[in-house]
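Asks: Sharing a model prediction with you, sequence too.
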Amino acid sequence: MAAPLVLVVLVAVTVRAALYRSSLAAFISERVEVASPLNAWKRVVEGLALLDLGISPYSGAVFHETPLIIYLFHFVIEYAELVFMITDVLTAIALYLAIQDFNKVVFKKQKLLIELDKYAPDVAELIRTPMEMHYIPLRVALVYLLNPYTVMSCVAKSTCAINNTVLAFFILATIKGSALLSAVFLALATYQSLYPLTLFAPALLYLLQRQFIPIKLKSKSFWLYTMQYAALYLCSLVVIICLSFFLLNSWDFIPSVYGFILSVPDLTPNIGLFWYFFAEMFEHFSLFFVCVFQINVFFYTIPLAIKLKEHPVFFMFVQLAIISIFKSYPTVGDIALYMAFLPVWSHLYRFLRNIFILSCVLIACSFLFPVLWHLWIYAGSANSNFYYAITLTFNIGQILLISDYFYAFLRREYYLTHGLHLTRQDGTEAMLVLK
């Protein structure tokens with residue numbers, strides 16, 4: 001499997017290197033779908049210029065990245081293109097290794113359940129085979145590296161690529177069962193963009209499963225392990241934040257980064273749901289609705305944790321999708337990360353209801369974004385309503401896609417235990433309906 005992975009990496013690096021040398025690089029870096037006020041490269045360059053002049057990069061309203069990012073590029077600014085290509089490759093390799101290990105766990109669990117007769121007798125066609133699962137890690141790496149969303153983020157030098165790398169290593173550490181590394185990388189991801197805090201729940205559930213600790217609120221071992229993992233996470237986060245303070249000798253980065261993410265003061269158009277809504281709203285209502293919008297990312301964590309406590313990796317996939325849809329400044333790079341997991345759930349395709357239509361919607365919206373932007377900003381023959389309409393369609397398409405996968409996952413799990421051929425009490429064929 002190493003040779004195909006190397007080939008995929010070489011193709012991906014070649015594509016990126018060619019685009020860096022083309023005239024498209026400048027065009028892509030200015031696209032609002034690819035770069036946001038949080039992660040745009042030109043804002044990083046502005047922050048570096050202020051730092052070189054001995055001025056705090058957070059003294060204005062331009063730079064909103066974390067101190068560790070600006071100090072990283074302070075030393076490697078001349079090799080920025082190489083850094084972004086390496087981060088994409090590292091992300092793909094981390095996902096490849098994570099899914100490889102996850103497949104082994106899935107196969108062992110499936111084998112155990114078959115031996116214990118936990119599956120219905122007529123579900124042989126739903127049982128996953130080693131041959132079927134063999135190429136999934138390679139497909140995950142392929143989908144991530146050659147996804148146009150990932151390529152554009154890399155070419156635009158959006159720091160979203162670095163966030164994805166941190167998240168990929170967090171996923172790898174979690175699936176490998178390393179609580180310490182999982183907590184450290186989760187703390188780094190939270191430090192970078194705040195929203196990965198919601199990934200604490202699926203990571204904890206997976207690590208509990210790895211340790212064979214029952215997920216019961218009355219269990220002492222459950223609470224002991226939870227407190228240990230939470231302590232590791234919080235200590236790591238405190239250390240990273242304190243390190244940022246020592247680098248800058250100031251706490252200015254906290255309101256400039258996290259206050260900016262939560263209060264959404266910059267209403268530059270993007271592919272998110274916030275900008276148009278708050279541009280049209282009266283100022284005295286904004287605080288209430290900012291809270292309502294922000295709660296969306298965190299609101300689904302507890303019900304999903306209850307429903308998917310036995311399937312934490314699928315829970316993690318859904319939570320990544322929720323973050324990319326409902327965060328305040330999303331870009332296509334965020335979407336690329338959760339889309340890389342779609343090959344992992346290829347066994348759900350037979351249960352998906354609207355996959356073709358939703359795929360067409362997402363592809364059509366991707367092409368219409370620059371068209372409607374041009375009509376609005378340059379041609380003057382459209383307005384912001386047109387662009388926000390396509391943004392809404394794109395996000396609704398994503399929500400329906402994740403809902404479809406969620407339904408398909410639950411449906412397959414139900415069939416595995418109850419059988420494919422369901423009947424009512426009167427002997428007639430029954431239909432499974434998700435309520």
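Replies: Here it is on my side, so go on.
Asks: and the residue nearest the centre of the chain, what does it touch?
Replies: Geometric centre of the chain, nearest residue: Leu320, 3.7 Å, by CA atoms, centre = their mean. Taking CB atoms under 8 Å, 6 or more residues apart in numbering, we find Leu320 in contact with 167, 199, 337-338, 341. Bear in mind the C-beta positions are built from the backbone N, C-alpha and C, glycine included.
Asks: Quick one: buried ones out of the residues you listed?
Replies: Burial by neighbour count, 16 or more other CB atoms under 10 Å: within the contacts of Leu320 this picks out 167, 199, 337-338, 341.
Asks: Am I right that Pro269 sits in a strand?
Replies: No - remark: Pro269 does not belong to a strand; assigned using DSSP: H, G, I helix; E, B strand; the rest coil, it is coil.
Asks: and it, how many neighbours?
Replies: 17 (other CB atoms under 10 Å).
Asks: Can you list phi and psi of it for me?
Replies: phi -60, psi 140 (degrees, to the nearest 10).
Asks: In terms of pLDDT, where does it sit?
Replies: Looking at Pro269, its pLDDT is 91.
Asks: try Leu342
Replies: Leu342 is given a pLDDT of 95.
Asks: What's the separation between it and Ile325?
Replies: 15 Å (CB to CB, to the nearest Å).
Asks: Any chance of TSV for the buried ones among the contacts of Leu320, columns distance to Leu145 and secondary structure?
Replies: Shown next, in TSV, are the buried ones among the contacts of Leu320 (distance: CB to CB, whole Å; DSSP: H, G, I helix; E, B strand; the rest coil):
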residue	distance to Leu145	secondary structure
Leu167	16	helix
Leu199	22	helix
Leu337	12	helix
Tyr338	15	helix
Phe341	14	coil
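Asks: so where's this protein uncertain?
Replies: 1, 423-435 (pLDDT under 70).
Asks: List just the nearest of the contacts of Leu320 to Pro4.
Replies: For those, the minimum distance to Pro4 (CB to CB) is 19.1 Å, reached by Phe341.
Asks: is it true that the closest one touches Val140?
Replies: Yes - the pair Phe341 and Val140 qualifies as a contact (CB atoms under 8 Å) at a distance of 6.9 Å.
Asks: Quickly find the element holding the closest residue to Tyr387 other than its chain neighbours.
Replies: The spatially closest residue to Tyr387, leaving aside those adjacent along the chain, is Leu372, at 4.9 Å (CB to CB, 6 or more residues apart in numbering). Secondary structure assignment for Leu372, by DSSP states H and E: helix 355-373.
Asks: Residues touching that helix, excluding its own?
Replies: 31-33, 148, 269, 271, 332, 349, 382, 386-387, 390, 393-394, 397-398, 400-401, 404.
Asks: Equivalent analysis for stretch 332-345, please.
Replies: 33-34, 39, 91, 95, 99, 102, 136, 139-141, 143-144, 147, 149-150, 152-153, 158, 160-161, 163-164, 167-168, 271, 313-314, 317, 320-321, 323-324, 327, 366, 398, 405, 408-409.
Asks: Filter the residues you listed down to the buried ones, ChimeraX style.
Replies: The ChimeraX selection below is limited to those of those classed as buried (16+ other CB under 10 Å):
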select :33,34,39,91,95,99,102,136,139,140,141,143,144,147,149,150,152,153,158,160,161,163,164,167,168,271,313,314,317,320,321,323,324,327,366,398,405,408,409
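Asks: doesn't Pro343 fall inside a strand?
Replies: No - going by three-state DSSP, the assignment for Pro343 is helix, not a strand.
Asks: how near is it to Cys365?
Replies: According to CB to CB, Pro343 stands 22 Å off from Cys365.
Asks: Of these two, which one has the most company?
Replies: Cys365 (22 against 18).
Asks: nearest spatial neighbour of that one, skipping sequence neighbours?
Replies: In this structure, Cys365 finds its nearest non-sequential neighbour in Phe394, 4.0 Å apart by CB to CB, 6+ apart.
Asks: Count the neighbours of the one you found for me.
Replies: Neighbours around Phe394, by other CB under 10 Å: 23.
Asks: which residues sit in contact with Phe409?
Replies: Contacts here follow CB under 8 Å, 6+ apart; on that basis Phe409 touches 311, 314, 345, 348, 351.
Asks: mind redoing it with 6 Å?
Replies: 314, 348 (CB atoms under 6 Å, 6 or more residues apart in numbering).
Asks: Helices of the stretch 251-400 of the chain, residue ranges please.
Replies: 253, 260-263, 274-279, 283-299, 301-307, 312-326, 332-339, 355-373, 384-418 (DSSP state H, counting those that start in this stretch).
Asks: Output those in JSON lines; the columns should cover distance to Gln110.
Replies: Output for these, formatted as JSON lines (distance: least, CB to CB, whole Å):
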{"stretch": "helix 253", "distance to Gln110": "47"}
{"stretch": "helix 260-263", "distance to Gln110": "40"}
{"stretch": "helix 274-279", "distance to Gln110": "42"}
{"stretch": "helix 283-299", "distance to Gln110": "32"}
{"stretch": "helix 301-307", "distance to Gln110": "20"}
{"stretch": "helix 312-326", "distance to Gln110": "14"}
{"stretch": "helix 332-339", "distance to Gln110": "24"}
{"stretch": "helix 355-373", "distance to Gln110": "24"}
{"stretch": "helix 384-418", "distance to Gln110": "9"}
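Asks: downstream neighbour of the helix or strand where Met227 lies in the secondary structure list?
Replies: If you go by DSSP H and E, Met227 is part of helix 220-248. Using DSSP H and E, the next helix or strand after helix 220-248 towards the C-terminus is helix 253.
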